[in-house]
Structure formats: C-alpha cells, structure tokens
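Visitor: Just to be clear, the model below is a prediction. Sequence and coordinates:
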Amino acid sequence: MDTRTTIFILGALVISLGMFGTIYGVSLSDVNPTLKADVTKKFNTIFIVTSILMALLLVLALYNINSNDSVVV
C-alpha cells in the first residue's frame, strides 16, 4: 500500500468517527436524565458492533483490491 491509500483510509476512519460522535452528542443532549444511562449503553454497543463490521469490510475490500490485477491503485 502506498501513502496515498493509507491517508485515504485514515481519513475515512476519522470522518466516520466524527460522524458517530456528532450523532452521539446530539442524541444524548435531548435525553431524559433517568434514561441517559440506558441510552448510553445502547449507543456504546451500536458503536462497537458497527466498528467491527466496518473493519471487516475494510479488510475484505483491501484483500479484493490487492488480489485483483485489473484494479489500478
């Protein structure tokens, strides 16, 4: 992998984390304090599962790109 691809992947990761952080902050700003702990726990679970699935898709995409000779990077 060259540096351009690495920068693209890291940029996509930073943008994804920023989007999740924004959604997380906005969603928790309007939650009733009695429900906040439950909502926070559910958001953490969603974040972990989504991160694992995104990492799996990234690995599969990179494997496909590296194994396919017709793809020009």
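Guide: Here it is on my side, so go on.
Visitor: Could you name the helices and strands sitting against the helix or strand bottoming out on mean pLDDT in the chain?
Guide: When the helices and strands of the chain are scored by mean pLDDT, DSSP states H and E, helix 3-29 comes last with a mean of 80. Identification of packing neighbours for helix 3-29 by 3 or more C-beta pairs under 8 Å, 6 or more residues apart in numbering; DSSP states H and E yields helix 36-67. Quick note: C-beta positions are derived from backbone N, CA and C, even for glycine.
Visitor: Measure how far the helix it packs on is from the centre of its chain, please.
Guide: Its chain's C-alpha centre and that of helix 36-67 lie 6 Å apart, by C-alpha atoms, centre = their mean, to the nearest Å.
Visitor: Could you list the buried residues of that helix?
Guide: In terms of neighbour count (16 or more other C-beta atoms under 10 Å), helix 36-67 has its buried residues at residue 43.
Visitor: Who are the packing partners of it?
Guide: For helix 36-67, the packing partners by 3+ C-beta pairs under 8 Å, 6+ apart are helix 3-29.
Visitor: Please state the offset of the least confident helix or strand of the chain from the chain centre?
Guide: Remark: helix 3-29 is offset 6 Å from the chain centroid, using C-alpha atoms, centre = their mean.
Visitor: neighbours around residue 23, how many?
Guide: By the criterion of other C-beta atoms under 10 Å, residue 23 has 13 neighbours.
Visitor: Check the offset of stretch 64-73 from the chain's centre.
Guide: 23 Å.
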